[in-house]
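Sharing a model prediction with you, sequence too.
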Amino acid sequence: MKAISPSPGTALKSMNRVYGFALKNRKPVRTDNIKCLVNRSDSVNSFSNGIGSSIADWQSNCAILSSKVAVSQQQETEKSGNAEITAVNGHRTMDLVHVDNNLPKPLTITDLSPAPMHGSLLRVAYQGVPGAYSEAAAGKAYPNCEAIPCDQFEVAFQAVELWIADRAVLPVENSLGGSIHRNYDLLLRHRLHIVGEVQLPVHHCLLALPGVRKEYLTRVISHPQALAQCEQTLTQLGLNVAREAVDDTAGAAEFIAANNLRDTAAIASARAAELYGLQIVADGIQDDSSNVTRFVMLAREPIIPRIDRPFKTSIVFAHDKGTSVLFKVLSAFAFRNISLTKIESRPHRNRPIRLVDDANVGTAKHFEYMFYIDFEASMAEPRAQNALAEVQEFTSFLRVLGSYPMDMTPWIPCRGDL
Ligand SMILES: O=C(O)C(=O)C[C@]1(C(=O)O)C=C[C@@H](O)C=C1
């Protein structure tokens, strides 16, 4: 089998030529654009499956971590034209029967470093419009990147999968509002890898059209997370008005400006106020001054884990015996002194309920879960590899979502962040 790696340069250039409009005019990438891309992107898809040999090594090192589900997928092959696509450890690689000597060179480790692979700006997809916190997170993670707005998180994932973007930035949890559950589900549904994290201090403002006073307001609109993070402060400000959820904070500001709404305020960043010509009615309205949202960065390929700086690893697992294995899984980390930084459970969508029949008393209905865990260790460390080898014994499904450097930036919450 000869692995043919993509030339990101070629793929992205051809994407640029065909879909440049979506990138140049900075309009959000929308679901319908993506649908039309899917129809027209056969050649792009055929580029997007190869991996360099070093990555293959890393993936085979991690083979032990793959789920039993993924193992069964390994045998799955699929014919497409003259190419045979084989699923290996959950990653699709490509066998080309006919090898053309003019084909681009395989990617090497250096191509997979955070620098743009195609010689131009790194393109980072985010959900929302300019002025959204996700845009600020993209800028913090990749200074000087080209941030690409998308109308939904799903679209941001697809933008990376279809080579329109190099990375996606995804909020996963907030210190006040908690986990952003839908995004955990998306991490599982898609095959992108977590390659980094950023923690962004989130400083909310109440924005309205110039001249509008607090007393005129009948409605506050924003992203549900932003509404949750400002709940108490809004009440303290006497704003017992209707709250309405919209897709993103900056989109709320844009909506007020575009529709000249004098009875509505938005919770958004100071940058959104500037961009959409709104005034700041109240500043710093988050319920806790050290309000932080954690974002993860996603890429088509994993990064090579290292041990020369603090790393975090994110996994997801399930077990067909329900929650009874949770203690065993947690002890695999505890025995090795590996700290967990996060544990989250989500409904097991493929098998949400497990029925246990007892002829005498009836049927117990247990809910089934997918468990997400973040732990403080790099997959390059034997203790992490051993812990996961042990976890695999207890689980019916296990996937490493990514092993990536921890955000260790000093804590300086300030408005200048946004
Ligand atoms: O609406 C935005 O501006 C976003 O970037 C989304 C989002 C979120 O999903 O949590 C990001 C950070 C804040 O916590 C509020 C909203």
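Happy to help now that I have it.

Below-threshold pLDDT in the stretch 201-350 of the chain: ranges please.
Within the stretch 201-350 of the chain, the stretches with pLDDT under 70 are 322-323.

so how far is residue 281 from residue 131?
Look at residue 131 and residue 281: by C-beta to C-beta, to the nearest Å, they are 16 Å apart. For every residue, glycine as well, the C-beta is placed using N, CA and C.

Neighbour count: these two, which is higher?
Ranked by neighbour count (other C-beta atoms under 10 Å), residue 131 and residue 281 place residue 131 first, with 26 against 20.

any idea where the helices of the stretch 201-350 of the chain begin and end?
Remark: helices assigned in the stretch 201-350 of the chain by DSSP state H, counting those that start in this stretch are 224-229, 231-236, 249-259, 270-276, 326-334.

Residues touching the last one, excluding its own?
If you take C-beta atoms under 8 Å, 6 or more residues apart in numbering as the criterion, helix 326-334 is touched by 317, 339, 340, 371, 373, 375, 387, 388, 390, 391, 394, 395.

In helices only, show me those residues.
By the criterion of DSSP state H, membership of the contacts of helix 326-334 in helices covers 387, 388, 390, 391, 394.

Can you add pLDDT, neighbour count and distance to the ligand and give those residues back as TSV?
TSV is the format used below for these (pLDDT from 0 to 100; neighbours: other C-beta atoms under 10 Å; distance: C-beta to the nearest ligand atom, whole Å):
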residue	pLDDT	neighbour count	distance to the ligand
387	98	23	30
388	97	24	29
390	96	17	34
391	96	22	29
394	89	18	33
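
ok, so of the residues you listed, who is nearest residue 403?
Top of the list for closeness to residue 403, among the ones in helices among the contacts of helix 326-334 and by C-beta to C-beta, is residue 388 at 10.3 Å.

Next, count neighbours for residue 290.
11.

pLDDT wise, what is residue 29 at?
Residue 29 carries a pLDDT value of 67.

Tell me which residues touch the spatially closest residue to residue 251 that is not a sequence neighbour, please.
Distances taken as C-beta to C-beta, 6 or more residues apart in numbering place residue 129 nearest to residue 251, at 5.1 Å, with adjacent residues excluded. Contacts for residue 129 (C-beta under 8 Å, 6+ apart) come out as 28, 149, 248, 250, 251, 254.

Okay, and the beta partners of residue 373?
Beta-bridge partners for residue 373, by DSSP bridges, are residue 315, residue 343.

is it true that it touches residue 338?
No: counting by C-beta atoms under 8 Å, residue 373 does not reach residue 338; the two are 10.1 Å apart.

Comparing those two, which residue is more hemmed in?
Counted by other C-beta under 10 Å, residue 373 and residue 338 do not tie: residue 373 has more neighbours, with 20 against 17.

roughly how far apart are the more buried one and residue 343?
Distance, residue 373 to residue 343, using C-beta to C-beta: 5 Å.

any idea where the strands of the stretch 251-400 of the chain begin and end?
For the stretch 251-400 of the chain, the strands defined by DSSP state E, counting those that start in this stretch occupy 264-268, 279-283, 292-299, 311-318, 340-347, 353-358, 362-367, 369-375, 397-405.

Excluding chain neighbours, what is closest to residue 272?
residue 131 (3.4 Å).

can you pull the contacts of the one you found?
Applying C-beta under 8 Å, 6+ apart to residue 131 gives the contacts 249, 250, 253, 254, 268, 269, 271, 272, 274, 275, 276.

if we go to 6 Å?
Shown in contact with residue 131 (C-beta atoms under 6 Å, 6 or more residues apart in numbering): 250, 269, 271, 272, 275.

Name the residues of the one helix or strand residue 183 maps to that are buried.
Per DSSP states H and E, residue 183 falls inside helix 181-189. Going by neighbour count (16 or more other C-beta atoms under 10 Å), the buried part of helix 181-189 is 183, 184, 186, 187, 188.

Pull the contacting residues for the nearest residue to the last one once chain neighbours are set aside.
On the basis of C-beta to C-beta, 6+ apart, the spatially nearest residue to residue 188 that is not a chain neighbour turns out to be residue 316, at 5.8 Å. Under the criterion of C-beta under 6 Å, 6+ apart, the neighbours of residue 316 are 188, 370, 372, 399.

With the flanking residues excluded, which residue is spatially nearest to residue 181?
Nearest residue to residue 181 in three dimensions, chain neighbours excluded: residue 346, at 6.4 Å (C-beta to C-beta, 6+ apart).

separation between that neighbour and the ligand?
Remark: distance between residue 346 and the ligand (C-beta to the nearest ligand atom, to the nearest Å) = 16 Å.

Then residue 270?
12 Å.

cool, and residue 191?
On the measure of C-beta to the nearest ligand atom, residue 191 and the ligand end up 22 Å apart.

next one: residue 248
Distance from residue 248 to the ligand, counting by C-beta to the nearest ligand atom: 3 Å.

try residue 374
For residue 374, the distance to the ligand equals 17 Å [C-beta to the nearest ligand atom].

burial count for that residue?
Using other C-beta under 10 Å, residue 374 has 23 neighbouring residues.

wait, what's in contact with it?
312, 314, 341, 342.

how about these in JSON lines, adding neighbour count and distance to residue 173?
Conversion of the contacts of residue 374 to JSON lines gives the following (neighbours: other C-beta atoms under 10 Å; distance: C-beta to C-beta, whole Å):
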{"residue": "312", "neighbour count": "22", "distance to residue 173": "13"}
{"residue": "314", "neighbour count": "23", "distance to residue 173": "12"}
{"residue": "341", "neighbour count": "12", "distance to residue 173": "10"}
{"residue": "342", "neighbour count": "14", "distance to residue 173": "7"}
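
and these near the ligand, which?
Among the contacts of residue 374, no residue sits close to the ligand (C-beta under 6 Å from any ligand atom).

Kindly indicate which of those residues lies nearest residue 406.
Nearest to residue 406 among those is residue 312, at 4.8 Å by C-beta to C-beta.

sorry, back to before: put together JSON lines for the contacts of helix 326-334, with distance to residue 172 on each row.
Listed next are the contacts of helix 326-334 as JSON lines, based on distance: C-beta to C-beta, whole Å:
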{"residue": "317", "distance to residue 172": "17"}
{"residue": "339", "distance to residue 172": "18"}
{"residue": "340", "distance to residue 172": "15"}
{"residue": "371", "distance to residue 172": "15"}
{"residue": "373", "distance to residue 172": "13"}
{"residue": "375", "distance to residue 172": "15"}
{"residue": "387", "distance to residue 172": "22"}
{"residue": "388", "distance to residue 172": "21"}
{"residue": "390", "distance to residue 172": "26"}
{"residue": "391", "distance to residue 172": "21"}
{"residue": "394", "distance to residue 172": "25"}
{"residue": "395", "distance to residue 172": "22"}
